[in-house]
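Undergrad: Okay, sequence plus prediction incoming.
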Amino acid sequence: MTAPEVPPVEPVVALRGVSKSYATGAGDLTVLRDVDLTIRDGERVAIVGPSGSGKSTMLGIMGTLDAPSAGDVVLRGRSTATMGDAERSDLRSRTLGFVFQQFHLLPHADAVENVALGMLYSGFVRAERRRRAVEALRRVGLGGRLDHRPTQLSGGEQQRVAVARAIAHEPALLLADEPTGALDEATGESIIDLLCRLDGVSVVVITHDPAVAARFPRQVRIRDGRIVADGVGPVASDGEGR
């Protein structure tokens, strides 16, 4: 008896021929040029490049926060090119999580409330949002800080709350833009350790720092809007972005 054929798993996200240009007084400014990039389940990827290389623009397009001028972004096999804003927003809320350099926490809300509020439009009822928030905070090592407000937390702890908020709804992909930029070196290393150890989610980190990129199994190097290296090992070793 022949075993049934198992269909291939779609990549979490794929950029296909993505370019991005902005109109300026001096003409069009192109910041991404014909980018192809595929992220699969469970991957840990650093996208590294100097300021102005286009890496943050790439993250915004990958996360459907911005639309490409040309090309397509495919999330879990679904092309976003013809989606309306509401459909893209719904797909983003279910598939993606975001962490930024700044923590963006509400100062008068405790850790559980900050994480739960991130799921306000997820479709979960209030009790489920709170349960998931508590579970996510324990997952990032803050089980003893559930009722603490941001002013009662260190910078590293605040970023852990932000990570918990990003993963509480169990996204397929976590996108982090310079997540260690507001932290000291030792605290930043602990956040990178945390991101590398997260189970059940693919992780893409944007960074200008080759030392941060070197912590990730796969490194994608971008320069002048183009991917110039993609692979395992220290592809960003010439000191750019330091």
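TA: Received it, and whenever you're ready, just let me know what you need. Numbering: from 1, shown residues only.

Undergrad: What ranges in this protein fall below the confidence cut-off?
TA: Applying pLDDT under 70 to the chain picks out residues 1-8, 233-242.

Undergrad: Sketch out the strands for it, chain order is fine.
TA: Counting by DSSP state E, the chain has strands at residues 13-24, 27-39, 44-48, 70-75, 78-79, 96-99, 173-177, 202-207, 218-223, 226-232.

Undergrad: So which bits of the fourth one are buried?
TA: Applying a neighbour-count criterion of 16 or more other C-beta atoms under 10 Å, the buried positions in strand 70-75 are 71, 73, 74, 75. For every residue, glycine as well, the C-beta is placed using N, CA and C.

Undergrad: quick one: contacts of it?
TA: Strand 70-75 has contacts (C-beta atoms under 8 Å, 6 or more residues apart in numbering) with 10-19, 34-35, 61-62, 64, 79-81, 91, 95-96.

Undergrad: one more time with 6 Å
TA: 13, 14, 15, 16, 17, 18, 19, 79, 80, 81, 91, 95 (C-beta atoms under 6 Å, 6 or more residues apart in numbering).

Undergrad: Next, work out how far apart the fifth one and residue 181 are.
TA: With distances taken as C-beta to C-beta, to the nearest Å, residue 17 is found 30 Å from residue 181.

Undergrad: In terms of neighbours, single out the busier of these two.
TA: The neighbour count for residue 17 versus residue 181, taken as other C-beta atoms under 10 Å, is higher for residue 181 (15 against 12).

Undergrad: Of the contacts of strand 70-75, which is the most crowded?
TA: The contacts of strand 70-75, ranked by neighbours (other C-beta under 10 Å): first place residue 13, 25 neighbours.

Undergrad: I figured it hits residue 37, correct?
TA: No - Residue 13 is not in contact with residue 37 according to C-beta atoms under 6 Å; the separation is 8.1 Å.

Undergrad: what's the closest of the strands of the chain to residue 142?
TA: Nearest to residue 142 among the strands of the chain is strand 96-99; the distance by C-beta to C-beta comes to 14.5 Å.

Undergrad: which secondary structure elements does the closest one contact?
TA: Counting contacts by 3 or more C-beta pairs under 6 Å, 6 or more residues apart in numbering; DSSP states H and E, strand 96-99 packs against helix 155-167, strand 173-177.

Undergrad: how about the ones you listed, which one is nearest residue 190?
TA: In terms of C-beta to C-beta, the element of the helices and strands packed on strand 96-99 nearest to residue 190 is helix 155-167, at 6.0 Å.

Undergrad: what's the angle between the closest one and strand 202-207?
TA: Using axes from the mean of the first three to the mean of the last three C-alpha atoms, to 10 degrees, one finds that helix 155-167 and strand 202-207 are set 140 degrees apart in direction.
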